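> Only the shape, not the letters, is given here:
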């Protein structure tokens, strides 16, 4: 049950934060950093990649290259990316170019990672090694020349140069995804004990060890190699996201000790349409920003808007759950 709670918690917190950050009442220390550093919002993108990889078909050893299936699975993300680009450009919606580039966005990153993972089929027990090689090679490039280029304001007229941050960071997210596939495989789909109690304890022990290891690596990399940077998705950022997500999962797994514990109603509701709730939250966030000057809104007005936004989101996903509507058509 803890994996369900973890995925729902991640989506719900993301849905709340993507609108809350536009108001002054949201503490600036939790907003995304420009170049280096860590904040709550910095974890969002990486956490989505980890949450998808842990329960992916690759982690379940369903590795086969079928171009029709691959294109069907990637096409929604590409369409969403194109849709977001068209809408933000059409309504002149404020977009921070330094985050992904002029045209790139998060959906294109997810599509690229999915496509690369599907094309290069690797057994999950080897994904960690392959992901580590990608991250080491990418980090070496960042260390010697790439960081200066990605953090500079230098942009050519070509598509590649205008979207340098988004394109190059794909390598970091791809390495992160592959390591997440391996972790999902060894934690959830390979059991180290015969009985259920033993399996759960073995799983928690593995997560504890991995969590401590990734936190230690984050401290070492941040201090001696390169500071954490979400913008470039460097190696320190990857280990930070892995450590933080494993820690959250450990906290949520404590509910397994409660006898007869079952998922909450809202967990089941959101779990049925995780992607749908995230997409609706993005649409509602855009509508609020186009209708209200969020930066000038008072604390009381911001609170009222956020509460109404959350209630509407809950009502919409509950309606979809009640009528068994699932936004997954590929």
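That came through fine. Please read these numbers as outputs of a predicted model, since none were measured by experiment. Numbers count the residues shown, from 1 in each chain.
> Going toward the C-terminus from the strand or helix carrying residue 167, what's the next helix or strand?
If you go by DSSP states H and E, residue 167 is part of helix 164-188. Next helix or strand after helix 164-188 toward the C-terminus (DSSP H and E): helix 196-224.
> Now do that following helix and helix 164-188, the angle between them.
With axes from the mean of the first three to the mean of the last three C-alpha atoms, to 10 degrees defining the directions, helix 196-224 sits at 150 degrees from helix 164-188.
> Which elements pack onto helix 196-224?
helix 164-188, helix 235-253 (3 or more C-beta pairs under 8 Å, 6 or more residues apart in numbering; DSSP states H and E). Where you see a C-beta, it was placed from the backbone N, CA and C, and this is true even at glycine.
> from the chain's centre, how far out does stretch 228-239 sit?
Distance of stretch 228-239 from its chain centroid, counting by C-alpha atoms, centre = their mean, to the nearest Å, is 13 Å.
> Regarding that stretch, how distant is the last residue from the first?
Start and end residues of stretch 228-239 are separated by 9 Å (C-alpha to C-alpha, to the nearest Å).
> So for residue 222, what's the nearest residue that isn't a sequence neighbour?
Once flanking residues are discounted, residue 222 sits nearest to residue 236: 4.7 Å by C-beta to C-beta, 6 or more residues apart in numbering.
> so how far is residue 154 from the one you found?
Residue 236 is 24 Å from residue 154, where distance means C-beta to C-beta, to the nearest Å.
> So for these two, which sits in the more crowded spot?
Neighbours per residue, other C-beta atoms under 10 Å: of residue 236 and residue 154, the larger number sits with residue 236, 25 against 10.
> Go ahead and confirm the more buried one touches residue 221.
Yes - using C-beta atoms under 8 Å, residue 236 is in contact with residue 221, at 3.9 Å.
> what do those two both touch?
Residues touching both residue 236 and residue 221 by C-beta atoms under 8 Å, 6 or more residues apart in numbering: residue 228.
> need the contact list for residue 310.
Taking C-beta under 8 Å, 6+ apart, one finds 15, 16 in contact with residue 310.
> how much space between it and residue 303?
Distance from residue 310 to residue 303, by C-beta to C-beta: 11 Å.
> In which helix or strand does the residue nearest to the spatial centre of the chain reside?
Geometric centre of the chain, nearest residue: residue 48, 1.9 Å, by C-alpha atoms, centre = their mean. Residue 48 is part of helix 43-54, with elements assigned from DSSP H and E.
> about what we covered before: how far away is the residue nearest to residue 222 from residue 138?
Distance, residue 236 to residue 138, using C-beta to C-beta: 12 Å.
> ditto for residue 117
Residue 117 is 16 Å from residue 138, where distance means C-beta to C-beta.
> now the residue nearest to residue 277 when sequence neighbours are not counted, what's its secondary structure?
Distances taken as C-beta to C-beta, 6+ apart place residue 317 nearest to residue 277, at 5.0 Å, with adjacent residues excluded. Residue 317 falls in the helix class when you classify it by DSSP: H, G, I helix; E, B strand; the rest coil.
> what residues are up against residue 317?
Listed by C-beta under 8 Å, 6+ apart, the contact set of residue 317 reads 269, 270, 272, 273, 276, 277, 280.
> same thing but at 6 Å, please
Shown in contact with residue 317 (C-beta atoms under 6 Å, 6 or more residues apart in numbering): 269, 270, 273, 277.
> is it possible to export these to JSON lines including secondary structure?
Listed next are those as JSON lines, based on three-state DSSP:
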{"residue": "269", "secondary structure": "helix"}
{"residue": "270", "secondary structure": "helix"}
{"residue": "273", "secondary structure": "coil"}
{"residue": "277", "secondary structure": "helix"}
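> so which of those is the most crowded?
Result: residue 270 is most packed of the contacts of residue 317 (other C-beta under 10 Å), 26 neighbours.
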